[in-house]
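Asker: Fold the stuff below for me.
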Amino acid sequence: MLILKFIPSKVLSLQARKPAGIIGRYVMTRIFSRVNADLNSLVKEMLDLNRNDRVLEIGFGPGKLISKIAEITTEGVVEGIDFSPAMFRAAVKVNKYHIATGKVRLQKGECSSLPFDNESFDKLCSSNTLYFWKDPDKNLMEMFRVIKPGGRIVIGFRDDKQMSRLNLSEDIFSTYSLDEVVSLLTHAGFSDSHIVEKECRPFHSYCAVATRP
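Answerer: Presented below is the predicted three-dimensional model:
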């Protein structure tokens with residue numbers, strides 16, 4: 001998008017972390033929908049969804065992935081949490097029908113303190129949020145807490161090699177290698193942590209997939 005050339009790197013990085021204002025509501029919504037499409041598709045595939053699953057997405061952005069999940073989990077519920085008011089409004093608009101029927105529930109909040117009971121979800125996912133977690137160990141332990149035993153977590157991301165080619169502020173983005181993401185999941189208590197790759201353009205998509213024992 002041409003407008004990106006006129007947005008300073010620091011501003012763009014802050015908007016990627018927490019979209020806000022006109023840039024967040026209109027520019028970042030379009031960027032997320034376009035750039036995350038392949039990654040979200042892989043995340044949905046790796047969730048291995050069933051029609052009665054209870055699913056949580058952390059950092060749902062414009063809400064496109066939640067809508068796709070809700071189309072599959074016809075007898076379940078999809079919950080979402082995001083700390084950006086701009087993304088919350090966009091996702092509510094995208095999921096208007098599913099919210100009205102009670103299939104989707106969205107709220108504003110932080111992943112470091114999830115407002116859900118222990119062992120609430122069969123599946124949990126998050127796309128392109130890992131870079132912004134101030135304390136990834138704490139966040140993943142919270143995710144571990146709300147997933148049922150035998151439940152699955154899928155973290156979609158771009159690896160450090162790809163992220164290093166982008167004009168992003170290092171004080172806002174923390175990047176990770178494939179092995180580092182696997183180690184984070186293992187350290188949080190998840191088992192069978194592994195990486196699934198999908199070749200896409202302009203970025204390869206990666207999903208870290210693991211299970212709560």
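
Asker: Identify the spatial nearest neighbour of Lys44, chain neighbours not counted.
Answerer: Lys68 (5.6 Å; Cβ to Cβ, 6 or more residues apart in numbering). Quick note: C-beta positions are derived from backbone N, CA and C, even for glycine.

Asker: you'd agree the one you found is up against Val43?
Answerer: No: using Cβ atoms under 8 Å, Lys68 is not in contact with Val43, being 9.5 Å away.

Asker: quick one: which of those two has more around it?
Answerer: Neighbours per residue, other Cβ atoms under 10 Å: of Lys68 and Val43, the larger number sits with Val43, 26 against 15.

Asker: which other residues reach whichever strand or helix holds the residue nearest to Lys44?
Answerer: Assessed by DSSP states H and E, Lys68 sits inside helix 64-72. Contact with helix 64-72 is made by 33, 36-37, 40, 43-44, 47, 49, 51, 55, 57, 60, 78, 80, 91, 94-95, 98, 103-104, 106, 125, 127, as judged by Cβ atoms under 8 Å, 6 or more residues apart in numbering.

Asker: Looking at the residues you listed, which are in strands?
Answerer: Members of the contacts of helix 64-72 lying in strands (criterion: DSSP state E): 55, 57, 78, 80, 104, 106, 125, 127.

Asker: what two of those residues are the furthest from one another?
Answerer: Val104 and Ser127 (16.5 Å; Cβ to Cβ).

Asker: bridging residues for Ala210?
Answerer: In this structure, Ala210 bridges to Ile153 when assessed by DSSP bridges.

Asker: Tell me, how many residues neighbour it?
Answerer: Residues lying near Ala210 (other Cβ under 10 Å) number 26.

Asker: related to what we said a few turns ago, with respect to Thr186, which of the ones in strands among the contacts of helix 64-72 is nearest?
Answerer: For those, with Thr186 as the reference and Cβ to Cβ as the criterion, the closest is Cys125, at 18.1 Å.

Asker: pLDDT score for Phe6?
Answerer: We note a pLDDT of 47 for Phe6 in this prediction.

Asker: In space, what's closest to Leu178 - neighbours in sequence excluded?
Answerer: Leu178 sits nearest to Ile195 (Cβ to Cβ, 6+ apart), 4.9 Å away.

Asker: In this structure the one you found contacts Ser205, no?
Answerer: No: using Cβ under 8 Å, Ile195 is not in contact with Ser205, being 10.7 Å away.

Asker: okay, the two: which has more neighbours?
Answerer: Taking other Cβ under 10 Å, Ile195 and Ser205 do not tie; Ser205 has more neighbours (24 against 15).

Asker: residues contacting that one?
Answerer: Contacts of Ser205 (Cβ under 8 Å, 6+ apart): 38-39, 41-42, 156, 158, 197-198.

Asker: beta partners of it?
Answerer: Lys198.

Asker: circling back to that earlier point, between the ones in strands among the contacts of helix 64-72, which sits nearest Lys134?
Answerer: Comparing these against Lys134 with Cβ to Cβ places Ser127 closest, at 18.4 Å.

Asker: what about the closest one, how many neighbours?
Answerer: Ser127 has 25 neighbouring residues, counting by other Cβ under 10 Å.
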